[in-house]
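Trainee: I would like the atomic coordinates for the input below:
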Amino acid sequence: MVPLRGTKALVIGSEGNIGAPLVAHLRSVGYAVLGFDLRPGWRDGYLTGDITHPVDLLPAFDWRPDVVFLLAATVGRMVCEQAGSLALLTNVAGVNNVLQLCKRSGARCVFFSSSEIYGPDCDPMDEVNSIPRPNNRYALTKWLGEQLVQYEAMTSGLRAVTLRPCMVYDENETVGEHRSAMIRFVSNLARGRPIEVHRGSARSWLHISDAVRAIEAAGRVDEYSVINMGHPDVVPMADLAEMIRAELNASAELVVTTDLPLKMTLIKRPTLDRQRSLLAFEPRVGIAEGVRRVCAVHTGTPVTEFQPRIDAPAPLRAHVR
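Mentor: Got it, this is the predicted structure:
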């Protein structure tokens, strides 16, 4: 699929870890982009607002976007458990506000959901055959948001696609204990702090440079679809921790193995047939190269000092067909 040059794209959640790289990618391939986020700011191509307040959204939709990438959300298992009302307000009511304005303006909507919606016992995670069983408030609110998108697509003619991303990571993403294991492992080990690896856990990890290409492609899918978004290689978390430890030359004593906490998923293994057939997308960055990129940033290694080896075989991983 060829990017639609001149297409007007509204990115809601444009200042986040995925939104900011998406804005840059869309502009690089010819889109006219308007960013919208809760973060205060005043510049060309950006509006500040809250999706839970529909009036804030009106100037963005007065711009008459062709496609809306809806990334704004209250994110994270622990955050949503602690701030349950905020999670419901943003991830359900806020989503509904955006969908109603998409319908009124005729804009296509790409809704960014989460692989968390599948629940703890779904292996593999299949968009067609798996029944979602959310087991935490973040997953539940994302699942409810998906149901709103599907309802509007089926009953009101909303043009929409739902993406279920699996473990998107970025060397420049926000650091914090509420973030994913990749950035926590690297940031903590780089500072001599211990990390916890959950026994038997495994994940599919997708680098942001690949993720933005998949998200852009979703904006050109004509029929309503739910599409997993991820990397075909599923990596045991113990192996990931060892790769990071070795890259940073950290002490093996800093890696502590524990049992999986409640309300978490042991293995995230997405089926990716729809990603290939509907998005015509294959990732380019393997886990070994991704780990090198993240570690380089957190050790202050200049980017020019390491060369991308995207096609290099990554050790210690299982391939999902």
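Trainee: ranges for the helices of the chain?
Mentor: For the chain, the helices defined by DSSP state H occupy 19-28, 54-62, 77-82, 84-88, 95-105, 137-155, 181-190, 208-218, 237-248, 273-279, 287-298.
Trainee: so can I have TSV of these showing distance to Leu262?
Mentor: Quick note: C-beta positions are derived from backbone N, CA and C, even for glycine. Output for the helices of the chain, formatted as TSV (distance: least, Cβ to Cβ, whole Å):
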stretch	distance to Leu262
helix 19-28	30
helix 54-62	36
helix 77-82	10
helix 84-88	16
helix 95-105	27
helix 137-155	13
helix 181-190	17
helix 208-218	28
helix 237-248	17
helix 273-279	30
helix 287-298	27
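Trainee: among those, which comes closest to Gly119?
Mentor: helix 137-155 (6.9 Å; Cβ to Cβ).
Trainee: just the buried positions in the closest one, please.
Mentor: Buried residues in helix 137-155, counted by 16 or more other Cβ atoms under 10 Å: 137-146, 148-150, 152-153.
Trainee: same deal with stretch 274-292?
Mentor: 274-275, 278-279, 281, 283, 285-292.
Trainee: in these, find the pair that's most separated.
Mentor: Every pair of the buried residues of stretch 274-292 checked by Cβ to Cβ; the farthest is Leu278 and Arg292, at 30.7 Å.
Trainee: quick check: which ranges of the stretch 1-150 of the chain have low pLDDT?
Mentor: 1-5 (pLDDT under 70).
Trainee: if we use 80, what do you get?
Mentor: Where the stretch 1-150 of the chain drops to pLDDT under 80, the residues are 1-6.
Trainee: same question for the stretch 201-321 of the chain.
Mentor: Residue ranges of the stretch 201-321 of the chain with pLDDT under 80: 300-321.
Trainee: what about 70?
Mentor: 301-321.
Trainee: of the buried residues of helix 137-155, closest to Ala72?
Mentor: Taking Cβ to Cβ as the measure, Gly145 is the one of those closest to Ala72, at 10.7 Å.
Trainee: got the buried residues for stretch 177-190?
Mentor: Applying 16+ other Cβ under 10 Å to stretch 177-190 flags 179-190 as buried.
Trainee: most widely separated two among the residues you listed?
Mentor: Going by Cβ to Cβ, the pair spanning those furthest: Ser180 and Ala190, at 15.7 Å.
Trainee: just give the closest residue to Cys102, not the sequence neighbours.
Mentor: Distances taken as Cβ to Cβ, 6 or more residues apart in numbering put Cys109 closest to Cys102, at 4.6 Å, once the chain neighbours are dropped.
Trainee: scratch that, Trp63
Mentor: Leaving aside its chain neighbours, Trp63 sits nearest to Leu34 (5.4 Å; criterion: Cβ to Cβ, 6+ apart).
Trainee: and Leu163, by the same measure?
Mentor: Met229 (5.0 Å).
Trainee: nearest to Ala246, out of the buried residues of helix 137-155: which one, please.
Mentor: For these, the nearest to Ala246 is Tyr138 (31.8 Å; Cβ to Cβ).
Trainee: and that closest one, how close does it get to Ala217?
Mentor: With distances taken as Cβ to Cβ, to the nearest Å, Tyr138 is found 25 Å from Ala217.
Trainee: now swap in Ser180 and tell me
Mentor: 23 Å.
Trainee: just Ser105 next, same as before
Mentor: 22 Å.
Trainee: more neighbours: the two, which one.
Mentor: Taking neighbours as other Cβ atoms under 10 Å, Ser105 and Ala217 compare with Ala217 leading, 21 against 16.
Trainee: can you pull the contacts of the residue lying farthest from the centre of the chain?
Mentor: When distances are taken from the C-alpha mean of the chain, Glu253 lies farthest, 31.2 Å away, according to Cα atoms, centre = their mean. Shown in contact with Glu253 (Cβ atoms under 8 Å, 6 or more residues apart in numbering): Pro194.
Trainee: all numbers from here: first residue = 642
Mentor: With 642 as the first residue, the last one maps to Glu894.
Trainee: that one and Arg886, how far apart?
Mentor: For Glu894 relative to Arg886 (Cβ to Cβ), the value is 10 Å.
Trainee: and the closest residue to Ile824 other than its chain neighbours, how many neighbours?
Mentor: Spatial nearest neighbour of Ile824, chain neighbours left out: Glu814 (5.5 Å); criterion: Cβ to Cβ, 6+ apart. Residues near Glu814, counting by other Cβ under 10 Å, number 21.
Trainee: shouldn't Glu814 be in contact with Ser828?
Mentor: No - taking Cβ atoms under 8 Å as the definition, Glu814 is not a contact partner of Ser828, at 9.9 Å.
Trainee: bridged to the residue nearest to Leu804, which residues?
Mentor: Pro806 (DSSP bridges).
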